[in-house]
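> fold the following for me, if possible:
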Amino acid sequence: MSRPELSLSLQFADPRHRDQLPRHKVMRFIRAALELPGEIAVRIVDAEEGRALNSEFREKDYATNVLTFDYSHEPVVGADLVICAEVVEQEAKEMGLDLLAHYAHMLVHGTLHAQGYDHEEDDEAECMEARETEIMTGLGFADPYAGR
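Here you go, the predicted model:
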């Protein structure tokens, strides 16, 4: 199956995991979740920047794993995904996950948000989590929601 076209900007404000996130892998993870062509910027940040963005845009005073700023859903998905390296690393350790697998999940999760998926309501969460599981297992990773 052919994957949608993707224009990717990959930025490392926090370079700690740069070697684990080569451009071709990031593109593969995002493309797996894209349903339409996309123009997506991914920025890997430290906790300070992650906290500032989460505070400014979501009024939550902590760094979170991934923030999605979606600008268009069609005909081209346009979004910025901001991933906090420190949070992803800590979560992976706490959950006993491979770091790359957790980054893949955050990229898939953020890409789905960029296309309008959400998890605020139970039925939405069920749909989004099922889609994430399908994508992650298709990429060769474990179900990110198994064992909950």
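> residue contacts, the residue nearest in space to the middle of the chain?
Centroid-nearest residue in the chain, with CA atoms, centre = their mean: L107, separated by 2.4 Å. Shown in contact with L107 (CB atoms under 8 Å, 6 or more residues apart in numbering): V26, F29, I30, A33, V42, V66, L81, I83. Any C-beta I mention is one placed from the backbone N, CA and C, and that applies to glycine too.
> where in this protein is pLDDT low?
1-2, 147-148 (pLDDT under 70).
> could I get the full set of strands for it?
Per DSSP state E, the chain carries strands over the ranges 6-12, 38-45, 66-72, 77-84.
> closest one to H119 among these?
Checking the strands of the chain against H119 by CB to CB gives strand 66-72 as the closest, at 11.7 Å.
> the closest one packs against which elements?
For strand 66-72, the elements it packs on are helix 47-58, strand 77-84, helix 99-114, judged by 3 or more CB pairs under 8 Å, 6 or more residues apart in numbering; DSSP states H and E.
> contacts for that strand, please.
Under the contact criterion CB under 8 Å, 6+ apart, strand 66-72 has outside partners 50, 53-54, 57-58, 77-84, 88, 106-107, 109-111, 113-116.
> likewise stretch 112-120?
Where contact means CB under 8 Å, 6+ apart, the residues beyond stretch 112-120 that reach it are 33-36, 38, 40, 68, 70, 73, 77-79, 81, 124-125, 127-129, 131-132.
> and these, which are buried?
Among the contacts of stretch 112-120, those classed as buried by 16 or more other CB atoms under 10 Å are 33-35, 38, 40, 68, 70, 77-79, 81, 128-129, 131-132.
> before we move on, the earlier item: most neighbours out of the contacts of L107, which is it?
Ranked by neighbour count (other CB atoms under 10 Å), those have A33 at the top, with 28 neighbours.
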